[in-house]
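Undergrad: Build me a model:
(one chain, ligands or ions: 1)
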Amino acid sequence: MNSSAPDRNAAAQPPAASAGPPAPVFRLSLVYYPDPVLRVICAPVETFDTALRDTIEEMFALMRAHAGIGLAGPQVAIERQLLVCGIGDQQLCLINPALQESSEPADSVEGCLSLPGVQVKVRRPERIRVSGYDPRGRKTSFAATGLWARVIQHEMDHLNGVLICDYRRPSVKECDECPLSLPAVLVEERKHRMRP
Ligand code: NI
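TA: Coordinates of the predicted model:
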C-alpha cells in the first residue's frame with residue numbers, strides 16, 4: 001500500500017560519492033500490474049532462516065524507497081505469505097498471517113505500489129486482531145486499528161492475489177477486459193481465505 005504523501009523518495013539515487021555511503025542496491029524489484037504473480041495464492045513460509053530475514057530487510061528498504069507503507073511477497077515476486085508495513089518510525093513484519101477478529105467495516109481510499117496512479121475506495125474493518133509469526137518464527141498475535149488495520153488487511157489481500165481494483169467491481173466496465181480479471185465469485189472467496 002502506498003501513502004498519500006508525494007513520492008519524494010522514488011527519484012533515482014545519485015551516484016555514490018566515494019566518501020559517502022553507497023546507494024542501495026536491491027536484489028528485489030517491484031512487480032507492477034498486470035504481472036500474473038499479483039494473482040498468485042501464496043504458500044506459507046516454512047523456513048525461518050537468515051535468508052528470509054535478509055529478504056524482509058530488503059522488502060522494508062524497498063518499501064521505504066518507494067514511499068510505501070506496506071509491501072507483500074507477490075509484489076517482489078515472492079509467492080509466500082510474507083508482508084511488511086511501516087508507518088512513521090514504526091515497522092512490522094508478519095508471516096503466515098490470519099485474521100482472528102474484525103469490527104464493523106468503514107470506507108477509505110487506498111493506493112498500491114503495484115498499481116501506480118490507481119486509487120480505490122475500499123471497505124474494511126477498522127479494528128482487527130491478527131495472528132502470525134515474526135521473522136524468527138515466533139508466534140505473534142495483536143490488535144490493530146485505523147491505518148495499521150487497513151494496511152495489514154491490504155497486504156493480506158495481496159497474499160491471496162486480491163488487489164484494490166477488485167473492490168470497485170462490478171461497477172467499472174473496464175474490469176471485464178482486464179488481463180488479470182478474476183470472476184467476482186473467486187475474488188469474494190479469496191477475500192475470505194484468512195478471515196474468521
Ligand atoms: Ni498493494
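Undergrad: For the rest of this, base every contact and every neighbour count on C-alpha atoms.
TA: Fine.
Undergrad: Flag every residue of this protein that's near the ion.
TA: Contacts of the chain with the ion, taken as Cα under 5 Å from the ion, map to 1, 112.
Undergrad: For the residue nearest to the spatial centre of the chain, give its distance to residue 180.
TA: Of all residues in the chain, the one closest to the mean position by Cα atoms, centre = their mean is residue 155, 3.1 Å from it. From residue 155 over to residue 180 the distance is 18 Å, taken as Cα to Cα, to the nearest Å.
Undergrad: re earlier: show me what the helix or strand encompassing the residue nearest to the centre of the chain is packed up against.
TA: Using DSSP states H and E, residue 155 falls within helix 146-159. The contact analysis (3 or more Cα pairs under 8 Å, 6 or more residues apart in numbering; DSSP states H and E) places helix 146-159 against strand 70-72, strand 82-87, strand 120-125, strand 127-133.
Undergrad: Go through that helix and flag the buried ones.
TA: 148, 149, 150, 151, 152, 153, 154, 155, 156, 157, 158, 159 (16 or more other Cα atoms under 10 Å).
Undergrad: any idea which helix or strand of the chain has the worst average confidence?
TA: helix 184-191 (a mean of 83; mean pLDDT, DSSP states H and E).
Undergrad: Could you tell me the angle between it and helix 146-159?
TA: 120 degrees (axes from the mean of the first three to the mean of the last three Cα atoms, to 10 degrees).
Undergrad: Let me know the average pLDDT across stretch 114-124.
TA: Taken as a whole, stretch 114-124 has an average pLDDT of 92.
Undergrad: got the end-to-end distance for that stretch?
TA: 20 Å.
Undergrad: before we move on, the earlier item: next, the buried residues of the least confident helix or strand of the chain.
TA: 187, 190, 191.
Undergrad: So which residues make contact with stretch 30-39?
TA: Residues from elsewhere that reach stretch 30-39 (Cα atoms under 8 Å, 6 or more residues apart in numbering): 74-77, 79, 113-115, 158, 160-163, 179-180.
Undergrad: wait, which of these is closest to residue 49?
TA: Using Cα to Cα, residue 79 is the member of these that lies nearest residue 49, at 16.7 Å.
Undergrad: since we're on the closest one, how many residues are nearby?
TA: Residue 79 has 23 neighbours, counted by other Cα atoms under 10 Å.
Undergrad: Could you do residue 49 as well?
TA: 11.
Undergrad: was I right about it contacting residue 134?
TA: No. Between residue 49 and residue 134 no contact is recorded; they are 11.5 Å apart, counting by Cα atoms under 8 Å.
Undergrad: tell me the contacts of the closest residue to residue 136 other than its chain neighbours?
TA: By the measure of Cα to Cα, 6 or more residues apart in numbering, the closest residue to residue 136 outside its immediate chain neighbours is residue 48, 5.8 Å from it. The contact partners of residue 48, by Cα under 8 Å, 6+ apart, come to 135, 136, 137.
Undergrad: and residue 48, that's in a strand?
TA: No. Going by DSSP: H, G, I helix; E, B strand; the rest coil, the assignment for residue 48 is coil, not a strand.
Undergrad: Low-confidence regions, this protein specifically.
TA: 4-25, 169-177, 196 (pLDDT under 70).
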